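S.K.: Attaching a predicted model along with its sequence, questions to come.
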Amino acid sequence: MSATDEEGIIIEAMDEISAETCLTFRAAEVGDNDYLSFQQLQSGCFAELGYGSGGARVVNVNSLDGCLDDTTTPIHEIMHALGFEHEQSRYDRDLYVEVQWENIDAAYKSNFNKLPRTYAFPQYSFDFNSVMMYTLDAFGRGGRPSMVLTPKKANVTDEYAVGRATNMSTSDIDRIFSAYGCYDDYEEPYVGRMNGRTHRLTIF
Ligand SMILES: [Zn+2]
């Protein structure tokens, strides 16, 4: 895959987000306070969390690790940079999935930490179809499940599809609308609309 093709995938991902929301993207210019910095300097696919607190937000999408095979991963990473967390980290996730701690190596257990309610959008319920949701075997040792559905949620029609969304779900789109004021008569640039958070998150 050429560099141009790789850039094209990233642009396509941004176009998909723009098509569904009020967010627009343009090339960064000197003097911009906040911007996304796409790079392949490190291995893996990850993004710094949050946007709007000043400076570059690194979005590392290494094509050697499959991060640019299609738009799915760039959309996921851009959503991190926009301030969105993994769905299974929600404060109320235990109502939906039971984490199988015994199947997860110690080094990876922190990927399943729960976040405070303030990090979620409590007006939207847990969304198995979110592009921010892990697969049920993510970080599971030897392919074992790292999460199983709670009995209450065992009627999810296709467990294999959980964590394999290729596009933003309705709820993902609604959350961007909510966070970035897309419901308003929206004309202002979105920079600074959301409080940036600066901790680094290594992602799946
Ligand atoms: Zn992630």
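M.R.: On my side now, so go ahead.
S.K.: C-alpha only now, for contacts and for neighbours.
M.R.: Will do.
S.K.: how does the protein divide into domains?
M.R.: Domain assignment for the chain by automatic domain parsing gives 3-82+180-201, 87-161.
S.K.: Redo these as CSV? Include distance to Asn167.
M.R.: Below are the domains of the chain laid out as CSV (distance: least, C-alpha to C-alpha, whole Å):
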stretch, distance to Asn167
domain 3-82+180-201, 6
domain 87-161, 6
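S.K.: closest to Met168 out of those domains?
M.R.: Met168 lies closest to domain 87-161 among those, at 5.4 Å (C-alpha to C-alpha).
S.K.: give the contact list for Asp65.
M.R.: Asp65 is in contact with 43-45, counting by C-alpha atoms under 8 Å, 6 or more residues apart in numbering.
S.K.: swap the cut-off to 7 Å and go again
M.R.: Contact analysis of Asp65 by C-alpha atoms under 7 Å, 6 or more residues apart in numbering lists 43-44.
S.K.: for Glu20, same thing?
M.R.: Ile173.
S.K.: rerun at 10 Å
M.R.: Glu20 sits next to 168, 170, 172-174, 176-177 when contact means C-alpha atoms under 10 Å, 6 or more residues apart in numbering.
S.K.: For Lys152, which non-adjacent residue is closest in space?
M.R.: Tyr96 (7.3 Å; C-alpha to C-alpha, 6 or more residues apart in numbering).
S.K.: for Gln88, same thing?
M.R.: Counting by C-alpha to C-alpha, 6+ apart, Met133 is the residue found nearest to Gln88 once chain neighbours are left out, at 6.1 Å.
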